[in-house]
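# would you be able to build a 3D model of this:
(one chain, ligands or ions: 2)
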Amino acid sequence: METRTKDKEVEDLLLCAQEARVRAYTPYSKFRVGAALLTEDGSLVPGCNVENISFGLTICAERNAIARAVGEGHRTFKAIGVVADMKDKFVTPCGACRQVIVEFSVDCEVYLGRPDGAYVKTTIDKLLPDAFTPHVANLESLTK
Ligand SMILES: O=c1ccn([C@H]2C[C@H](O)[C@@H](CO)O2)c(=O)[nH]1
Ligand SMILES: [Zn+2]
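Ligands and ions are numbered 1, 2, ... in the order given. Presented below is the predicted three-dimensional model:
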């Protein structure tokens, strides 16, 4: 897939994710994750992971950002950036988040970043090939 996102946009996206990461509520895992969405109209929407004493209620940074973005009226994302507490690895969105990303953008670019500024680029199509989408279920019209 062609990269549609400019270098400066990627830089800003990962900075937004990094700033969100420090707001994460992670008393149990201590694993802070920040995410940011670049919407169709160029807005940036951040999210962080929010844990709970009832562990299964934890929401990941990526889904938190998506819920917030949808609440603000955004439904198409050019890219998502994810930054976690890692020195030599990149964190990738969990399976649940991949499915929620693809609901809104089958061609979303995914930038995996580290606090030291390093990042790698992938796509939701690579992370979740042959995804089950509204289009596959012939239900795309319901999403408009
Ligand atoms: O891509 C990821 C991976 C993990 N987490 C969170 C969930 C939990 O709070 C903590 C440890 O799994 O990290 C995210 O927010 N995003
Ligand atoms: Zn997740």
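
# quick check: residues of this protein near ligand 2?
Cys60, Cys94, Cys97 (Cβ under 5 Å from the ion). To be clear about C-beta, it is placed using only N, CA and C from the backbone, and glycine gets the same treatment.

# which ChimeraX command selects the buried ones in the residues you listed?
Buried members of those, defined by 16 or more other Cβ atoms under 10 Å, are picked up in ChimeraX with:
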select :60,97
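
# from ligand 1, how far out is the closest residue to Asn52 other than its chain neighbours?
Counting by Cβ to Cβ, 6 or more residues apart in numbering, Asn52 lies nearest to Thr58, which is 5.7 Å off, once chain neighbours are set aside. Thr58 is 5 Å from ligand 1, where distance means Cβ to the nearest ligand atom, to the nearest Å.

# for Gly34, same thing?
Computed as Cβ to the nearest ligand atom, the Gly34 to ligand 1 distance reads 9 Å.

# re earlier: for the residues of the chain next to ligand 2, give me CSV that also has pLDDT and secondary structure.
Compiled in CSV, the residues of the chain next to ligand 2 are given as follows (pLDDT from 0 to 100; DSSP: H, G, I helix; E, B strand; the rest coil):
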residue, pLDDT, secondary structure
Cys60, 98, coil
Cys94, 98, coil
Cys97, 98, helix
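
# now distance to Cys108 too, for the residues of the chain next to ligand 2, in CSV please.
Formatted as CSV, the residues of the chain next to ligand 2 follow (distance: Cβ to Cβ, whole Å):
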residue, distance to Cys108
Cys60, 15
Cys94, 15
Cys97, 11
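
# and which of the residues of the chain next to ligand 2 is nearest to ligand 1?
Proximity of those to ligand 1 (Cβ to the nearest ligand atom) peaks at Cys60, which lies at 3.3 Å.
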